[in-house]
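Asks: Just to be clear, the model below is a prediction. Sequence and coordinates:
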2 protein chains.
Amino acid sequence: MSAPHRLTRNQALVLETLTTAEEPLSAYVILDRLKDEGFRAPLQVYRALDKLLEAGLIHRLDSLKAFVACSTPHEHDAADRVAFAICQKCARVWEFSDPAIEGRFAAWAADTDFEIASATIEISGLCAACRKAGEGAA
Amino acid sequence: MSAPHRLTRNQALVLETLTTAEEPLSAYVILDRLKDEGFRAPLQVYRALDKLLEAGLIHRLDSLKAFVACSTPHEHDAADRVAFAICQKCARVWEFSDPAIEGRFAAWAADTDFEIASATIEISGLCAACRKAGEGAA
DNA sequence: CAAATGATGTAACGATATAACATTGGAGTC
DNA sequence: GACTCCAATGTTATATCGTTACATCATTTG
């Protein structure tokens, strides 16, 4: 699609904050972390987030009301058809996609005569590391 | 599971409001509609919503920040493994589940050694009626 | 340079959700 | 019936998430 779209300073700072973080961050946490860079108001963060979302460089996790850097900067040609798994304990996020799942959704949509525009697919649970860590403390 | 849990007055009012509505309602809209019944504060709504969610009688749609009555009052033995399709235009909601989709998630989880607790699956798009209605106005 | 466009800064506000605490209202017991 | 316990309720205040409105600045492009 369009050229990789050069990022502005604010956008680059927000993206770097998300990329550096181990977990999804809320807009206000991002704001807080960028106070030293001159960020003062939520809008500075939200505007950058909007552009980064458009560019497919980050995702918003509805179930957490938080944002995460995209692990595989795919061009979002069609809609967002990516699934996320989120560890309830460490908050780390796994991003994956599965043509078979898309196929099932498409089949349901065809049956129901529904036109899919986008999808929110977020699984919550425990990752291997956290399950292992918790075994003794049961 | 446990007995159908008799609803309190507040819970019944909130559930009826959702059941009567054609679309998902935000907590504050529910509050507004129940002003005449004596509702004054958000917490009265949120507490009822919490119980109704526990009982599996309603769902929260993360992508809309809104609540909808469950169309098929299934006992939520395991976690929520239901998918929703939401029309962007009329806001009506279709609720469905697909063992094949669950199977694919389970397969991914097994591969990744992730233990699934719950899932948020929400598709956004246009329903048949709204697509038909919009055809002329293109 | 001037006009057009897009990014920025700032303040105020709207929408969503929860904390804290006092009170009330049964259900079960004595 | 009086007592106790616990869940539900009412109320106020506050936390969290996101947007509107408007003035300013920078960049490009004719």
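Replies: Looks like it arrived, so ask away.

Asks: who touches the host helix or strand of residue A:45?
Replies: Residue A:45 is part of helix A:42-54, with elements assigned from DSSP states H and E. If you take CB atoms under 8 Å, 6 or more residues apart in numbering or on different chains as the criterion, helix A:42-54 is touched by A:7-8, A:10-11, A:13-15, A:18, A:27-28, A:30-31, A:34, A:39, A:58-60, A:67. In this view, the C-beta of every residue, glycine as well, is placed from N, C-alpha and C.

Asks: Can you say which of the residues you listed are buried?
Replies: Neighbour counting with 16 or more other CB atoms under 10 Å in any protein chain shown marks A:7, A:10-11, A:13-15, A:18, A:27, A:30-31, A:34, A:39, A:58-60, A:67 as buried within the contacts of helix A:42-54.

Asks: Pick out whichever of the residues you listed sits closest to residue B:23.
Replies: Set against residue B:23, the nearest of these by CB to CB is residue A:60 (22.5 Å).

Asks: next SSE after the helix or strand that contains residue A:104?
Replies: Element membership of residue A:104, judged by DSSP H and E, is helix A:99-112. Next helix or strand after helix A:99-112 toward the C-terminus (DSSP H and E): strand A:115-126.

Asks: orientation of that following strand relative to helix A:99-112 in degrees?
Replies: 130 degrees (axes from the mean of the first three to the mean of the last three CA atoms, to 10 degrees).

Asks: circling back to that earlier point, give me the subset of the contacts of helix A:42-54 lying in helices.
Replies: Cross-referencing the contacts of helix A:42-54 against helices under DSSP state H gives A:10-11, A:13-15, A:18, A:27-28, A:30-31.

Asks: Closest one to residue A:114 out of those, please.
Replies: The closest of the ones in helices among the contacts of helix A:42-54 to residue A:114 turns out to be residue A:27 (CB to CB; 31.4 Å).

Asks: Would you mind confirming that that closest one is in contact with residue A:64?
Replies: No. Assessed by CB atoms under 8 Å, residue A:27 is found out of contact with residue A:64, at 11.6 Å.

Asks: any low-confidence regions in chain A?
Replies: Counting by pLDDT under 70, chain A has low-confidence residues at A:1-4, A:73-80, A:137-138.

Asks: Return the residues of it in contact with DNA strand D.
Replies: Selection of chain A residues close to DNA strand D by CB under 7 Å from any atom of the strand yields A:26-29, A:41-43, A:46, A:60, A:65-66.

Asks: Of the residues you listed, keep whichever come out buried.
Replies: Buried by 16+ other CB under 10 Å: A:27, A:29, A:60, A:66, out of those.

Asks: Quick check: the residue nearest to residue A:10 when sequence neighbours are not counted vs residue A:32, distance?
Replies: Using CB to CB, 6 or more residues apart in numbering or on different chains and skipping residues adjacent in sequence, the residue nearest residue A:10 is residue A:48, 4.6 Å away. Applying CB to CB, to the nearest Å, the value for residue A:48 to residue A:32 is 14 Å.

Asks: again with residue A:125
Replies: With distances taken as CB to CB, residue A:125 is found 28 Å from residue A:32.

Asks: Pull out the buried residues from stretch A:40-59.
Replies: Across stretch A:40-59, burial judged by 16+ other CB under 10 Å covers A:44-45, A:48-49, A:51-53, A:55-59.
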